[in-house]
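> the sequence and its predicted three-dimensional model are supplied below.
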Amino acid sequence: MKKFPFELTKLKEKIQQIIENYLPPKIKRKWLEFLIRETKNLHFEAIERAILEPCQEFLKRGGKRWRAILFLLLVKGLGGKIDKFKDFAILPELIHQGSLIIDDIEDNSDLRRGKPCLHKIYGVDIALNLGNFLYFFPNLILREKKKEIKKEIINEIYELYFQEMINLSLGQAMDIFWAKKKIRNIKEKEYLKMCALKTGCLSRFSAKLAGILCQKGKKVIEKLGKFGESLGIAFQIQDDILDLTLKGKEREKFGKVFAQDITEGKMTLLVILALKRANLKDKKMLLEILNKKTNDKKEKEKAIGIIRKYKAIEDAKNLSKKIVKESWEKIKDLISDPFAKRKLKEFLSFLCERKI
């Protein structure tokens, strides 16, 4: 199994501490004043039970925090000071957590990281409200950072932030619509665009954010953005692969439902490649299974057999590696710090080969 690199785990711990600084386990007046300034007549218990409690329950489940780690490595690699900019790492991370909560509601999922999805525990209303809270909470961090960072830089980050939030919704709209309406004539390029919008948006945000804070020019920031986007696409492709290939014990360990994408009738890259190559009989069978949105294990295994038959898994993996390699070649010379460059390469390998 491709394990999470040890030194990157240290960065993950640093990120967790930053998150806890901004989202404490218990409600405090000082924290409420950070949120709203005027706390008179606030119902403290409601905020604690409907925001902090479910938020902490969700965050304690872990996660890779890889978008935040990418930000920190790029800041170091570009010659910036991690200690000065470290709080910015949680902007994409908290938005990501919010998107997971909302995504689970939209997909009517049962499990997330080995436990019932938040809406299954607290209800759709509380989960949806928390997801939206995490989308907007990073604005407060930017508000505080106006004291330390130039106004023009903060404004540029705001512009980036709002654009990526729009991108996230557009990508999610494509993904939902294809599954809901059983749209099956999706092209490979359309799928990759959906990934770039939905999964690539926050890694692109992380990379561009590092470039903006390190005061790099627009061309450099765009290159960094494309690099971050490629990691998001590769991450999604590997997620699609793991959905079909993760073994029983590993699946149980990480709380993954077997072939959930097939149950949801999703058009993953694996399905697109298989449909493109399959003979009429196999194509018809695969479409029938997808359209049923079945939870039957034998039928899902039959679908996976067709996908394997046409080497969709191997080719999808190779494509993700190619996308990452090409984007890395365009930015590697921008990374001046040797440690950051070495860890970024290790990081790329993990994302493309991970088993978690």
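Noted; the coordinates are in hand.

> switch to C-alpha atoms for all contacts and neighbour counts from now on
Noted.

> where in the protein is pLDDT low?
1-7, 252-255 (pLDDT under 70).

> in it, where's the longest helix?
helix 151-180 (DSSP state H).

> what packs against that helix?
Helix 151-180 sits against helix 188-198, helix 200-213, with contacts defined as 3 or more Cα pairs under 8 Å, 6 or more residues apart in numbering; DSSP states H and E.

> how far is the one helix or strand residue 343 maps to from where the chain is centred?
Taking DSSP states H and E as the criterion, residue 343 maps to helix 338-353. Per Cα atoms, centre = their mean, to the nearest Å, the displacement of helix 338-353 from the mean C-alpha position of its chain is 18 Å.

> what do you get for stretch 178-198?
17 Å.

> ok, now how distant is the nearest residue to residue 22 once chain neighbours are set aside from residue 47?
Spatial nearest neighbour of residue 22, excluding adjacent residues (Cα to Cα, 6 or more residues apart in numbering): residue 31 at 7.9 Å. Using Cα to Cα, to the nearest Å, residue 31 is found at 11 Å from residue 47.

> rewinding a little: buried set for the helix holding residue 343?
Residues of helix 338-353 classed as buried by neighbour count (16 or more other Cα atoms under 10 Å): 340, 341, 343, 344, 347, 348, 349, 350, 351, 352, 353.

> next, the angle helix 200-213 makes with the longest helix of the chain.
Interaxial angle, helix 151-180 versus helix 200-213 (axes from the mean of the first three to the mean of the last three Cα atoms, to 10 degrees): 170 degrees.

> what is the burial count for residue 14?
Using other Cα atoms under 10 Å, residue 14 is surrounded by 13 other residues.

> compute the inter-axis angle for the helix or strand hosting residue 95 and helix 200-213.
Using DSSP H and E, residue 95 maps to helix 90-107. Put simply, helix 90-107 runs at 170 degrees to helix 200-213, going by the same axes, to 10 degrees.

> now find how far off-centre the very next helix or strand once past helix 90-107 is within its chain.
Per DSSP H and E, the first helix or strand lying C-terminal to helix 90-107 is strand 111-112. From the chain centre to the centre of strand 111-112 is a distance of 15 Å (Cα atoms, centre = their mean).

> which strand or helix spans residue 144?
helix 138-145.

> so what touches that helix?
Contact partners of helix 138-145, identified using Cα atoms under 8 Å, 6 or more residues apart in numbering, comprise 34, 35, 87, 88, 90, 91, 94, 95, 154.

> which of those residues tops the neighbour count?
residue 91 (25 neighbours).

> contacts only, for that residue.
138, 141.

> can you tell me how far it is from residue 261?
28 Å.

> neighbours of residue 205, how many?
Around residue 205 there are 27 residues (other Cα under 10 Å).

> cool, residue 93 as well?
26.

> host element of the residue nearest to residue 90 when sequence neighbours are not counted?
Nearest non-adjacent residue to residue 90, counting by Cα to Cα, 6+ apart: residue 68, 6.1 Å away. Per DSSP H and E: residue 68 is located in helix 66-77.

> so what does that helix touch, helix or strand wise?
By 3+ Cα pairs under 8 Å, 6+ apart, helix 66-77 packs against helix 6-22, helix 82-85, helix 90-107, helix 200-213, helix 338-353.

> want to throw the buried residues of helix 338-353 into TSV with distance to residue 147?
Shown next, in TSV, are the buried residues of helix 338-353 (distance: Cα to Cα, whole Å):
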residue	distance to residue 147
340	28
341	31
343	32
344	31
347	33
348	35
349	38
350	37
351	36
352	39
353	41
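
> which among those residues gets closest to residue 123?
Proximity of these to residue 123 (Cα to Cα) peaks at residue 351, which lies at 32.7 Å.

> show me the contacts for the nearest residue to residue 351 once chain neighbours are set aside.
Nearest residue to residue 351, sequence neighbours excluded (Cα to Cα, 6+ apart): residue 235, at 6.0 Å. Going by Cα under 8 Å, 6+ apart, residue 235 touches 199, 351, 352.
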